[in-house]
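Peer 1: Here's a sequence, model it:
(one chain, ligands or ions: 1)
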Amino acid sequence: MQIPMVDLGIQYRALQKDIDCAISEVLETTQFILGPQGRAFEQEMAEYLGVKHAIGVASGTDALHLALRAAGLGQGDEIITTTFTFIATAEAIAYVGATPVFVDIDPQTFNIDLLQVEQAITSKTKAILPVHLFGQPADLASLKVLCDARKLLLIEDCAQSCGARYADRMTGAWGDLGCYSFFPSKNLGCFGDGGLIATDNDTLAEEIRVLRNHGSRERYHHEIIGVNSRLDDLQAAVLRVKLQYLDRFNQQRRDNAHLYSRLLSELGIDVPFEDGKGIHVYHQYTILTDKREAIQAALAGAGVASAIYYPIPLHRQKVFLDVCREVSLPVSEQSAERVLSLPIYPELTRPQIEQVVEVIAGSL
Ligand SMILES: Cc1ncc(COP(=O)(O)O)c(C=O)c1O
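Peer 2: Take a look at the predicted model:
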């Protein structure tokens with residue numbers, strides 16, 4: 001049985017009637033940009049996340065970029081972030097001309113290390129940008145206390161944590177700004193690119209609405225140089241259908257992850273650690289192993305996909321070598337050598353999980 005990292009077809013077929021109907025409605029009305037579906041989705045997401053404003057944009061990368069721009073961050077400002085993430089987190093910092101200051105991660109959760117964040121704060125630090133990696137919330141309560149005490153902005157990269165809760169609030173609702181991606185494979189994914197920014201701050205929300213629409217509040221009146229970054233109505237219509245199932249899908253991801261962990265623990269594998277502070281929504285299911293090559297080869301031989309997120313931490317990427325030449329972040333460097341992500345999606349079945357585990361057992 002072939003097992004891909006993610007199977008988007010199953011979900012589409014399960015929701016096909018509603019999704020096709022929602023798409024048809026947009027096609028009939030021909031309101032594709034900043035139309036009623038986009039507005040309704042923004043309202044529903046604001047309610048779901050428990051924030052005042054949710055603003056749709058064209059991608060998760062744009063969400064980060066526009067959040068940083070709206071917050072007025074730029075040249076001379078330092079933004080502390082994790083080195084163990086997807087490039088987009090740091091690209092956004094570079095887009096606004098600010099300097100990314102990479103810090104190491106906690107070896108168990110893969111999330112930003114609080115102590116290192118504190119040590120990295122200088123007079124130029126303006127914001128902290130944690131990533132809720134693989135779907136597990138970073139330590140938001142401590143980050144919030146730190147940001148409040150040092151008068152820093154807290155900007156959350158929630159690309160992998162849609163639907164994850166930390167204490168009584170959703171990820172993305174803790175910070176000044178929360179940035180989401182709706183890339184198709186994300187926990188809430190559309191049929192193309194899409195993103196969203198969540199905030200309780202009226203001024204920031206208004207600034208983002210202007211920025212995403214060519215710097216325009218009123219048609220053909222342009223106050224600032226903006227960008228073209230709207231979440232289109234076709235994507236919003238699809239997302240409105242899927243949002244109704246997000247909590248159920250996240251619970252299925254968690255159930256699948258827990259079954260994996262039970263079976264893989266019996267083989268002595270280092271399974272994902274849940275720190276219990278937040279609810280992990282398993283965008284990825286990532287183990288740590290010294291036998292990665294052998295396991296990957298065996299899985300590939302059996303038709304099972306696997307992936308390495310991420311093989312090179314950002315401070316070791318060519319593009320950041322000029323700012324990071326002397327930087328050593330050993331936990332991330334060692335994790336990059338040992339992480340292996342296995343197939344995870346809501347519809348993954350028990351026999352499929354058992355098959356993956358069986359192949360791994362045979363490779364050890
Ligand atoms: C942690 C993280 N940040 C940002 C992004 C960027 O999102 P998008 O692909 O929608 O631009 C991603 C997407 O993979 C991501 O994983």
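Peer 1: so who does Arg169 touch?
Peer 2: Counting by CB atoms under 8 Å, 6 or more residues apart in numbering, Arg169 touches 50, 140. Yep, even glycine has a C-beta here, placed from its N, CA and C like the rest.
Peer 1: bridging residues for it?
Peer 2: Tyr166 (DSSP bridges).
Peer 1: the helices in the stretch 51-200 of the chain, which residues?
Peer 2: With DSSP state H, counting those that start in this stretch as the criterion, the stretch 51-200 of the chain has helices at 60-70, 87-95, 114-120, 140-150.
Peer 1: just checking, which of the ones you listed sits deepest inside the structure?
Peer 2: Stretch with highest mean neighbour count among the helices of the stretch 51-200 of the chain: helix 60-70 (a mean of 27; mean count of other CB atoms under 10 Å).
Peer 1: surely Gly163 meets Met170?
Peer 2: Yes. Counting by CB atoms under 8 Å, Met170 is a contact partner of Gly163 at 7.5 Å.
Peer 1: Which parts of the protein belong to which domain?
Peer 2: 8-243, 246-363 (automatic domain parsing).
Peer 1: so how far does the first one reach from one end to the other?
Peer 2: So that's domain 8-243. 15 Å (CA to CA, to the nearest Å).
Peer 1: which residues touch the residue of the stretch 201-350 of the chain found nearest the ligand?
Peer 2: Minimum separation of the stretch 201-350 of the chain from the ligand (CB to the nearest ligand atom) falls at His283, amounting to 7.9 Å. If you count contacts by CB under 8 Å, 6+ apart, His283 has them with 134-135, 160-161, 186-187, 253, 344.
Peer 1: hmm, try it at 7 Å
Peer 2: 134-135, 160-161, 186-187 (CB atoms under 7 Å, 6 or more residues apart in numbering).
Peer 1: got the contact list for whatever residue of the stretch 1-150 of the chain ends up closest to the ligand?
Peer 2: The ligand sits closest to Gly60 of the stretch 1-150 of the chain, with a gap of 2.5 Å, by CB to the nearest ligand atom. Taking CB under 7 Å, 6+ apart as the criterion, Gly60 is in contact with 88, 159, 179-181, 183, 195.
Peer 1: if you set the cut-off to 6 Å instead, what comes out?
Peer 2: By CB atoms under 6 Å, 6 or more residues apart in numbering, the contact set of Gly60 is 159, 181, 195.
Peer 1: coming back round to it: same list, the contacts of His283, but only the ones touching the ligand.
Peer 2: Gln160 (CB under 6 Å from any ligand atom).
Peer 1: Out of the contacts of His283, which two are the most distant from each other?
Peer 2: Phe134 and Lys186 (11.9 Å; CB to CB).
Peer 1: Which elements pack onto the helix or strand that contains Asn250?
Peer 2: Applying DSSP states H and E as the criterion places Asn250 in helix 246-265. Judged by 3 or more CB pairs under 6 Å, 6 or more residues apart in numbering; DSSP states H and E, helix 246-265 is in contact with helix 350-363.
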